[in-house]
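**Q** Dropping the sequence and predicted coords here.
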Amino acid sequence: MKLIVGLGNPGPTYEKTRHNIGAMVADSLVFSYGEKYSVHKRSGTETATVRIGGEPVMVAKARAYMNVTGRQIGPLAAYYSVSPADLIVLHDELDIDFGQVRLKQGGGEGGHNGLRSITSAVGTRDYLRVRLGIGRPPGRQDPADFVLKPFPSATRADVDLLIANGVDAAELLVKQGLEAAQNVVHAW
């Protein structure tokens, strides 16, 4: 089984922030298939199963803060024996221009504590990533403050497009694999 994880922080305070774009994409993916989340009792995550290209895929969000996401995602992946090659993490990316989507497998965490937590929990960096570009903060704004701020209302249409493209990218990863999906997504 493949496992798609949308990174974010729980609660209404954070739901519209840049740091939660991964969770927003996960929500859109689940709702587009007419499914709803339920709580996985062993891990504490919110999960839903969808069928992408005829294959069952679990979509999950931790109900813990970003910095400790791995505490719930690690046990979930272990429970379902999900290999790193079948783990897809949706996350915000400062080093990619706002609105761009990039795919990769493995690599560093670039200071992203959610990725660091997942890497620690699953024991490797060699999982798939849907990197959702939020851009760099303006001027000298602290990146930690920037990611915890909501997207400006003037960018709503662009955020909606980023979410839709994130959903498409995740589906392509499941259906076609990394290299074929990269050829499509990186041409957008």
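**A** Right, received. Where do you want to start?
**Q** For Arg102, see how far away Ala77 is.
**A** For Ala77, the distance to Arg102 (Cβ to Cβ, to the nearest Å) stands at 23 Å. Backbone N, C-alpha and C define where each C-beta goes, glycine included.
**Q** Which residues does stretch 101-115 contact?
**A** 7, 22, 66-67, 69, 85, 89, 91-96, 116, 119, 124-133, 143, 162, 165-166, 169, 173, 178, 181-182, 185-186, 188 (Cβ atoms under 8 Å, 6 or more residues apart in numbering).
**Q** Tell me which of those fall in strands.
**A** Members of those lying in strands (criterion: DSSP state E): 89, 91-93, 128-133.
**Q** The residues you listed, buried ones only, as a PyMOL selection?
**A** To isolate the buried members of the ones in strands among the contacts of stretch 101-115 in PyMOL, using 16 or more other Cβ atoms under 10 Å:
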select buried, resi 89+91+92+93+128+129+130+131+132+133
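**Q** Pull the number of nearby residues for Ser28.
**A** Residue crowding around Ser28 was assessed by other Cβ atoms under 10 Å; the count is 16.
**Q** just Met24 next, same as before
**A** 25.
**Q** pLDDT at it, what is it?
**A** pLDDT for Met24: 94.
**Q** check contacts around it.
**A** Counting by Cβ under 8 Å, 6+ apart, Met24 makes contact with 6, 8, 15, 159, 163, 166.
**Q** which of the residues you listed lies closest to Thr47?
**A** Checking those against Thr47 by Cβ to Cβ gives Gly6 as the nearest, at 11.0 Å.
**Q** got a list of what the closest residue to the closest one other than its chain neighbours touches?
**A** Counting by Cβ to Cβ, 6 or more residues apart in numbering, the nearest residue to Gly6 once its immediate chain neighbours are dropped is Ala26, at 2.6 Å. For Ala26, the contact set (Cβ under 8 Å, 6+ apart) comprises 4-6, 8, 59-61, 90.
**Q** follow-up on the earlier one: Ala77 and Arg102: which has the busier surroundings?
**A** Ala77 (26 against 18).
**Q** Please report the distance of the more buried one from Gly99.
**A** Between Ala77 and Gly99 the computed distance is 30 Å (Cβ to Cβ).
**Q** re the thing from before, so the residue nearest to Gly6 versus Thr45, what's the distance?
**A** Per Cβ to Cβ, Ala26 is found 11 Å from Thr45.
**Q** By pLDDT, give me the weakest of the contacts of Met24.
**A** When the contacts of Met24 are compared by pLDDT, Glu15 scores lowest at 85.
**Q** For the protein, spot the helix or strand the model is least confident about on average.
**A** Within the chain, no helix or strand scores below helix 143-147, which has a mean of 84 by mean pLDDT, DSSP states H and E.
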